[in-house]
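sequence below, structure please.
(chains A and B)
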Amino acid sequence: MKKNPIEKQVSKETTGSHGMPRRDFFKILGSGIIIFFHPWSAIDLLGLPADQARSLPKDYNAFLQIAEDGTVNCFTGKIEMGQGIITSLPQMMADELNVPLDKIKMVMGDTDLCPWDAGTWGSMTTRGFGPNMRAAAAEARAVLTELASVQLGVPVTQLEVKDGIVIDTKNPKKTVSYSQLTKGKRIEKFLDVKPSVEDYTKFTYVGKSYMHSDAVLKVTGAAKFAGDLKLPGMLYARILRPPSHGAKLTSVDVSGAEKIDGIKVIHEGDFVAVLHENRQKADEAIVKIKAEYSFDELPVNDRTIFESMVKADSTVRVVRSNGDLEAGRQLSDKIFESEFHDPYLAHTPMETHTALARLEGEKVTVWAGTQSPFGLQDNIVRDLGFSRENVRVITPFVGGGFGGKSSSQQGVEAAKLAKMTGKPVMVMWTRDEEFFYDSFHPAGVIKIKSGIDKSGMIKLWDYHIFYSGTRGSETTYDVPNAVTTSYSQKREAPAVHPFSTGAWRAPNNNTNTFAREVQIDIMASAAGIDPLEFRLKNLKDEKMIACLKAVADKFGYVAGKTPTGRGIGVACGADAGSWVAHMAEIKVDKGTGKVQVIRVACAQEMGLCVNPEGSTIQMEGCITMGLGYALSEELLFEGGNIKDRGFDSYEIPKFSWLPKIDTVILDRKNEPPQGGGEPAIIAIGAVIANAIFDATGARLYRLPMTPARILEALKKV
Amino acid sequence: MEEKITFQLNGKKTEALIDPSQILLWVLRDHFGLTGTKFGCGMGFCGACTVLIDNTPVRSCQLSVGEVAGKKVVTIEGLSDNGKLHPVQKAFVEHDALQCGFCTPGMVMNATGLLLKTPNPTTEQIKAGMEDNLCRCGAHVRIVEAVKTAAKEMKGGK
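Numbering: from 1, shown residues only, chains lettered A, B, ... in the order given. Just a heads-up that it's a prediction; the model follows:
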């Protein structure tokens, strides 16, 4: 039998360091060639704590598969929820592998098929996951080129890859395609020397604008979300919920529900659910259950929470410190003290938490709208006693997340009910449940004491964060004496946040940027210096300076000492590795206190911009969503009762609020790509607050800036 | 309880033996498998479940199936013509007027109804007509532009 020359070549190169017998390099395992690579930098890039890193499955680094027909299946534990990575990740992969963009197929958020991932949040996909996927592709390209070298009988250095075809540069008729090389074989091979990823100058797809690749599916209704799936014999479930957080079920009478034909009632301890193959029957049944609760009412409400945070027995931590605060006070000509309040917010994705679970023998499969399929898998293992290999989570399209689908209780509920009934079960939260069980953006208090000298240079920055997190709390400006202190939950003390809190688009940065940028504006005004000029003279961060200059240019900014009466604001900040600066023009109706935002301009520096179209859309989305936390969104609660349970009282941005939006991306092609899903939201509260001051002389320290609060502030002018 | 309800669904005469008090949204989704019509709030506040009934955009979560007897119901699945996108759908794609896509079917149906009633809308009329369809991702600016483009194409094309 003639020896396969490819096999020989590969074995020669790979047996050295790994000592694997030759026959192990080729394993015929279905179609496609799978390239494994070492997780050399994944842990660092994902920023995981060590304990979580240990839970990474050994085979998680299978990022791509080249099928016989030339399709490149790319696997990611990340999910698509509107942020557009289903479009931008293929751009990176196509460039790195040198294959046509339309050959890339994304397989996302399937725990059986995809490499482990903590979750889709923190604008981490492009900057954290991207380099790993690119590295996998670079190694695949190198291995395939080696195989081609043997097949074509020419040295690797004489080969180039174009559109998935390896070409002999000296004899361009001599070619072999990736799929001809793989021939359905699977190779397990590690290169000793990791190939470098492609230089940006070689990119064909990265850096160019591509429209959403899932748009046609979404405009025709063909895109499948978790709630759109159907299995034979499936039941729709409704679960009995307490009237408030902290309420305990004391008695329950399910007899009314049991009278409904075909209903299945589950009652196990505090867990009561009704299931029916017709969901409207389940809806009918749940309201027929009579339940009584005992209340352990929480003492705080949406008005008293801020005081309770400042007074709480907290863990105090100095986040960063430079210089000496006393020296700063001595150097300051004017000192300013402010206290800023930010309330709880709901995520309100348009798709409520939804999951479908199916039990087959010992194995449960859950289709869920989640930002963390592997996190949901862990929770099902933990709560329901399945072994990990018997839990598969599959993530269809996700109808918005914004941080709120990071924990996926509904997936555990569906799996639990599937286990209890033996039937496929769908759990689709009502809007009421979505509000009640949300992991809210945490309320917080920021206290700042700052000082400037006679020339308007900031000399003192004493910054205190109570219970809202440190992301975005960097001093940003060049201040010689600056200390940032954080006050957070003390382990043994009573819980300060009365209910679950979590990440809400650019978590905590909105709070910190609001406080910092309003404080800067206060000082600029007191110094009699234009707010843009004041920022520029106190900044050394070149990226921040570049963004401010770019936004001023785009906006057509004319300097003035605030309040000018024009209603123009400026604010800036950094998030997820990117820098942003905003300018806004607003109008205030002094009779009603209502604000109309006329226009917003934003400049963003995000390293190399992979998809300018997608990034622009994210900036527009951030600006539009930001209007909500700036002007209307605030979760009202009394004791453990969440008073906002629907869009009737919790108002999110609407079409009539729309400003004209202008965006600029400062593309830095020679720098790594950074986060784009969150940065442009961070300064919206501040830019509007500063514009309100410029229009009226009224200073707002409390989000959201509702008409009532603006009228109140106007009284003090 | 169950009755025979006859109506036109996406251009076809349709009969269903069904309890007429069942909510149209769920009948469309669960009985007919037309899952493009979405559940967003079930209270008529968000517009994700918008369908056209006799060319008027209606919240299908606020209507029973009995109420559409004898009427023409069009869902997102019935908007395109043999695979050819409706001008509103095409304009949404061209303007990238969506992100997560969950509100999109309702947006498209509401915009279609708006343009059937007001073929030459001003920007203000578009905003007012779309006002009560909620989008959390913030695709609004592009949706307004998409509706403008669709208006032009519908005037020229049909």
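
ok, the residue of the stretch 351-500 of chain A found nearest chain B - contacts?
When Cβ to the nearest Cβ is the measure, the stretch 351-500 of chain A has its nearest residue to chain B at A:Gly399, with 3.0 Å between them. All C-beta spots, glycine's among them, are computed from the backbone N, C-alpha and C. If a contact means Cβ atoms under 8 Å, 6 or more residues apart in numbering or on different chains, then A:Gly399 has A:81-82, A:225, A:349-351, A:369, B:38, B:100-102 as its contacts.

look at the residue in chain A positioned nearest to chain B and say how many residues are nearby.
For chain A and chain B, the shortest gap (Cβ to the nearest Cβ) falls at A:Gly221, measuring 1.8 Å. Around A:Gly221 there are 26 other residues, counting by other Cβ atoms under 10 Å in any protein chain shown.

got it, and A:Ser196?
If we define neighbours as other Cβ under 10 Å, then A:Ser196 has 9 of them.

before we move on, what about A:Lys264?
When neighbours are counted by other Cβ under 10 Å, A:Lys264 comes out with 21.

next one: phi and psi at it?
phi -120, psi 130 (degrees, to the nearest 10).

pLDDT score for it?
You'll see A:Lys264 listed with a pLDDT of 98.

correct me, but it touches A:Val274?
Yes: with contacts counted by Cβ atoms under 8 Å, A:Lys264 reaches A:Val274, the gap being 7.0 Å.

can you tell me the centre-most residue of the chain?
Going with chain A. With distances taken as Cα atoms, centre = their mean, the residue of chain A nearest its centroid is A:Trp121 (2.8 Å).

let me rephrase: I mean chain B.
Within chain B, one residue has its C-alpha closest to the average C-alpha position: by Cα atoms, centre = their mean, that is B:Met109, at 2.6 Å.

in contact with that residue, which residues?
By Cβ under 8 Å, 6+ apart, the residues touching B:Met109 are B:50-52, B:57, B:74-76, B:79.

from those residues, which land in strands?
Counting by DSSP state E, the contacts of B:Met109 place B:50-52, B:57, B:74 in strands.

and those as JSON lines, adding distance to A:Ala550, pLDDT and neighbour count?
As requested, the ones in strands among the contacts of B:Met109 are arranged in JSON lines below (distance: Cβ to Cβ, whole Å; pLDDT from 0 to 100; neighbours: other Cβ atoms under 10 Å in any protein chain shown):
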{"residue": "B:Thr50", "distance to A:Ala550": "39", "pLDDT": "98", "neighbour count": "30"}
{"residue": "B:Val51", "distance to A:Ala550": "44", "pLDDT": "98", "neighbour count": "30"}
{"residue": "B:Leu52", "distance to A:Ala550": "44", "pLDDT": "98", "neighbour count": "23"}
{"residue": "B:Pro57", "distance to A:Ala550": "41", "pLDDT": "98", "neighbour count": "22"}
{"residue": "B:Val74", "distance to A:Ala550": "46", "pLDDT": "98", "neighbour count": "21"}
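
sorry, back to before: what sits closest to the residue of chain A closest to chain B if chain neighbours are left out?
Here the nearest residue to A:Gly221 in space, its sequence neighbours aside, is B:Gly36; by Cβ to Cβ, 6 or more residues apart in numbering or on different chains that works out to 1.8 Å.

is it true that the one you found touches A:Thr220?
Yes: look at B:Gly36 against A:Thr220 with Cβ under 8 Å: they come within range, at 7.0 Å.

need the ones in strands among the contacts of B:Met109 in JSON lines (columns: distance to A:Asp270).
Shown next, in JSON lines, are the ones in strands among the contacts of B:Met109 (distance: Cβ to Cβ, whole Å):
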{"residue": "B:Thr50", "distance to A:Asp270": "38"}
{"residue": "B:Val51", "distance to A:Asp270": "39"}
{"residue": "B:Leu52", "distance to A:Asp270": "44"}
{"residue": "B:Pro57", "distance to A:Asp270": "42"}
{"residue": "B:Val74", "distance to A:Asp270": "45"}
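
and the contacts of A:Gly399, which is the shakiest by pLDDT?
When those are compared by pLDDT, A:Gly82 scores lowest at 92.

next one: that one from A:Gly502, what distance?
Shown here: A:Gly82 relative to A:Gly502, a distance of 18 Å by Cβ to Cβ, to the nearest Å.
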